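**Student:** this one's sequence-less:
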């Protein structure tokens, strides 16, 4: 079985990753790290660059966790990528980071977290920044 | 006429509230398009041209000048923070600038780029104000044969000297000249390349051609390469410089200006060659050569000054002779014509107030750019997070609107799409855009001078050589054309002959190498991150 974590290089994403690592270690599952971008802008600060990915790689390897890191750039939004991955690997759990958004912001930009929560076919664990535990 | 008093009159015109407002709009827009790779000042001016028909020409040109200078400033921000040159003239800046940013010195790199651009732009504009009238007094003595020769030189030099492949350059030039031929012959009234289509008899409107090649071509190209791995922008605070940075920057600024202005003013100058020369010089003269390649501030200061000085230099032949040497100047020249203003040496006489207001607005624009770029550079960089579909949808909307509003004919939209497809194919096959645009704009003018010359000599081709200046220029043209062949021959023969003068040939080799890489890096301007990033949609940095 697999645990899917939606990772972004922000405190929320960091919290989600930390929590996902401890979940994976507890249940001895494979950890699938998804960090995606639509790829339609030149700059996307939510897409992790090589050094960051490498440090995650090292972190996971030293903790002895069976892991896969994927960075799809296919023009789909982050929610779709995470849900796709969960579907494909028959995930046991999805871990995501949550951040506070204003109602207007949600109306305009939509909410990745909300889509994942509503559409996932497995349990979703939502973590806020600084409470990875 | 006294340069100083005319310039002061120009300031008076340019500082009226309305004109000042247009200058502000121009520099803000220019910085924005400069920051975004693939969108350049030439494209923006072409897009805005139909919108500005209702304006006073002076206001319109003040805005265009702001866009032109703004583009030069904006390009450096992207180069430094993203390692993706926004304009091809900022390619060299990226070498050291991005290294500085990665070493946590982005603030200093941005500051030296902005202040250096300001210094070079101001000196360059002052040189423009002094030189242009001198060039004019010389130019009025020239006859048609000399003009014809100078234009031939400009076309060939831009095509042959810049760009990675001469064949592609000439193919592009040929396309441009052919597009320029469409319509009725100005002397005999014969229809040329109209294919029996009466709507083509007036020729193709230059606005439609420029918008199609720049905007539609680029939009199609981006649409075909939409998905790409996004980059992260290096976070940066307020740009500032320490005492040490000032000390290391001011000499490169001045040297960069000295390289940039003359190269910009030459008919084949462009901004890449002086930026590259400036980089090489700074590397050689630096007291900290070990820092080059790791983020030396001199490597940012010099080239950035050079490209802004070149921008000012480019305006010298444009205003004094009516001879554009880069895409932006070419589109501005087309703008003159569409306002019914005849470009050429008479311009200073007939449109004195406009020209001096334009030059004064360059000083003002430079100052404004320093003010909006120094504190706001990080903000500008956020433009890069804009999803490109939105951006190009807007551009296509303006392109269509502009093309239609020129003549209010639906047929122009067909031409827009056809030429847009051509622009896409040119990008696909690596044809530089600049020779085409110059061909379209200079083609009819060069033809006019040729016809005049031949009429004066009653059809005798020897009339082309009737002026000494023309002969000298043809010799230069011949050298430019034959030079690479000679170089090739010399290289082929060298292994045989170089046993004895091995030292001599080694001594001259570096110059070849630098020449080669200048023209290589220039036109394609491939960003280090990906093939098409730096592909400057409008070949602007060529000057």
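**Tutor:** That came through fine. Computed from a prediction, not measured in an experiment: that's the story for all the values here.
**Student:** going by C-alpha atoms from here, please, whenever you check contacts or count neighbours.
**Tutor:** OK.
**Student:** quick one: mean pLDDT over stretch B:255-269.
**Tutor:** Averaged across stretch B:255-269, pLDDT comes to 84.
**Student:** same question but for stretch B:8-27, I mixed them up
**Tutor:** pLDDT averaged over stretch B:8-27 gives 92.
**Student:** and what of stretch A:2-12?
**Tutor:** 90.
**Student:** chain center to it: distance?
**Tutor:** 3 Å (Cα atoms, centre = their mean, to the nearest Å).
**Student:** with stretch B:108-121 instead?
**Tutor:** With Cα atoms, centre = their mean, you get 19 Å for stretch B:108-121.
**Student:** buried residues, that stretch. List them.
**Tutor:** B:108-121 (16 or more other Cα atoms under 10 Å in any protein chain shown).
**Student:** what's the neighbour count on the residue of chain B found nearest chain A?
**Tutor:** Nearest to chain A, among the residues of chain B, is residue B:387, at 4.3 Å (Cα to the nearest Cα). Close neighbours of residue B:387, defined as other Cα atoms under 10 Å in any protein chain shown, add up to 17.
**Student:** need the residues of chain A near chain B, please.
**Tutor:** A:37-45, A:47-49, A:73-75 (Cα under 8 Å from any Cα of the partner chain).
**Student:** let's see it at 10 Å
**Tutor:** A:36-49, A:71-75 (Cα under 10 Å from any Cα of the partner chain).
**Student:** just checking, the residue of chain B closest to chain A touches residue A:38?
**Tutor:** Yes: counting by Cα atoms under 10 Å, residue B:387 touches residue A:38, with 8.9 Å between them.
**Student:** which residues do the two both contact?
**Tutor:** Residues touching both residue B:387 and residue A:38 (Cα atoms under 10 Å, 6 or more residues apart in numbering or on different chains) are A:44, B:226.
**Student:** show me the contacts for residue 79.
**Tutor:** Picking chain A for this. Per Cα under 10 Å, 6+ apart, neighbours of residue A:79: A:6, A:36, A:85, A:111-117, A:119-120.
**Student:** um, chain B though
**Tutor:** Per Cα under 10 Å, 6+ apart, neighbours of residue B:79: B:35, B:37, B:85-98, B:101, B:110, B:527, B:534.
**Student:** out of these, who's near chain A?
**Tutor:** residue B:37.
**Student:** by contact count, what packs against the helix or strand containing residue B:25?
**Tutor:** Using DSSP states H and E, residue B:25 sits in helix B:17-35. Under the contact definition 3 or more Cα pairs under 10 Å, 6 or more residues apart in numbering or on different chains; DSSP states H and E, helix B:17-35 sits against helix B:3-14, helix B:41-48, helix B:57-82, helix B:352-373, helix B:377-381.
**Student:** measure stretch B:188-207 end to end?
**Tutor:** 25 Å (Cα to Cα, to the nearest Å).
**Student:** pull the residues that contact that stretch.
**Tutor:** B:45-50, B:178-185, B:212-213, B:331, B:334-335, B:337-338, B:399, B:402-403, B:406-407, B:409, B:411-412, B:415-416, B:437, B:440-441.
**Student:** tell me the secondary structure at residue A:73.
**Tutor:** coil (DSSP: H, G, I helix; E, B strand; the rest coil).
**Student:** repeat that for residue B:324.
**Tutor:** Using three-state DSSP, the structure places residue B:324 in coil.
**Student:** thought it was touching residue B:311?
**Tutor:** No: taking Cα under 10 Å as the definition, residue B:324 is not a contact partner of residue B:311, at 11.5 Å.
**Student:** before we move on, back to that, of the contacts of stretch B:188-207, grab the buried ones for PyMOL.
**Tutor:** Buried members of the contacts of stretch B:188-207, defined by 16+ other Cα under 10 Å, are picked up in PyMOL with:
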select buried, chain B and resi 45+46+47+48+49+50+178+179+180+181+182+183+184+185+212+213+331+334+335+338+399+402+403+406+412+415+416+437+440+441
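**Student:** what about the contacts of stretch B:188-207, which are in helices?
**Tutor:** Among the contacts of stretch B:188-207, the residues falling in helices (DSSP state H) are B:45-48, B:178-181, B:331, B:334-335, B:337-338, B:399, B:402-403, B:406-407, B:411-412, B:415-416, B:437, B:440-441.
**Student:** which SS class is residue A:96?
**Tutor:** With three-state DSSP as the basis, residue A:96 sits in strand.
**Student:** same check on residue B:315?
**Tutor:** Three-state assignment for residue B:315 (three-state DSSP): helix.
**Student:** which of the contacts of residue A:79 ranks first by neighbour count?
**Tutor:** Counting neighbours by other Cα under 10 Å, residue A:36 leads these with 28 neighbours.
**Student:** and that residue, what does it touch?
**Tutor:** Here residue A:36 is in contact with A:6-8, A:44, A:46-48, A:70-82, B:229-230 (Cα under 10 Å, 6+ apart).
**Student:** hang on, the earlier thing: nearest residue to the residue of chain B closest to chain A in space, ignoring adjacent ones along the chain?
**Tutor:** residue A:41 (4.3 Å; Cα to Cα, 6 or more residues apart in numbering or on different chains).
**Student:** buried set for the helix holding residue B:25?
**Tutor:** B:19-20, B:22-35.
**Student:** nearest to residue B:484 among these?
**Tutor:** For the buried residues of helix B:17-35, the residue nearest residue B:484 by Cα to Cα is residue B:34; the value is 33.2 Å.
**Student:** per-residue confidence at that closest one?
**Tutor:** 88.
**Student:** how about residue A:65?
**Tutor:** For residue A:65, the model assigns a pLDDT of 88.
**Student:** next, count neighbours for residue A:57.
**Tutor:** Residues near residue A:57, counting by other Cα under 10 Å: 16.
**Student:** the closest residue to it other than its chain neighbours: which element?
**Tutor:** In this structure, residue A:57 finds its nearest non-sequential neighbour in residue A:69, 7.8 Å apart by Cα to Cα, 6+ apart. For residue A:69, the host element (DSSP H and E) is strand A:67-70.
**Student:** buried ones in the next helix or strand after that strand?
**Tutor:** Beyond strand A:67-70 on the C-terminal side, the first helix or strand identified by DSSP H and E is helix A:78-88. The neighbour-count check on helix A:78-88 (16+ other Cα under 10 Å) flags A:78-83, A:85-86 as buried.
**Student:** so who does residue 57 touch?
**Tutor:** Going with chain A. A:33, A:51, A:65, A:67-69.
**Student:** to clarify, I was referring to chain B.
**Tutor:** Residue B:57 sits next to B:63, B:335-336, B:338-341, B:354 when contact means Cα under 10 Å, 6+ apart.
**Student:** what's the pLDDT at it?
**Tutor:** For residue B:57, pLDDT reads 90.
**Student:** and the residue of chain A closest to chain B?
**Tutor:** Relative to chain B, the nearest point of chain A is residue A:41 (4.3 Å; Cα to the nearest Cα).
**Student:** quick one: the strands in chain A?
**Tutor:** A:2-6, A:30-34, A:67-70, A:93-98, A:124-128 (DSSP state E).
**Student:** neighbours of residue A:50, just the number please.
**Tutor:** 8.
**Student:** same thing with residue B:76?
**Tutor:** Using other Cα under 10 Å: residue B:76 sits among 36 other residues.
**Student:** before we move on, back to that, quick check on the contacts of residue B:57: which are buried?
**Tutor:** B:63, B:335-336, B:338, B:354.
**Student:** list just the nearest of those residues to residue A:91.
**Tutor:** residue B:63 (57.5 Å).
**Student:** tell me the contacts of the closest one?
**Tutor:** Taking Cα under 10 Å, 6+ apart, we find residue B:63 in contact with B:19-30, B:45, B:48, B:52, B:57, B:358, B:361-362, B:365.
**Student:** give me phi/psi at the closest residue to residue A:77 other than its chain neighbours?
**Tutor:** Counting by Cα to Cα, 6+ apart, residue A:77 lies nearest to residue A:38, which is 5.7 Å off, once chain neighbours are set aside. Backbone torsions of residue A:38, given as degrees, to the nearest 10, read phi -70, psi -30.
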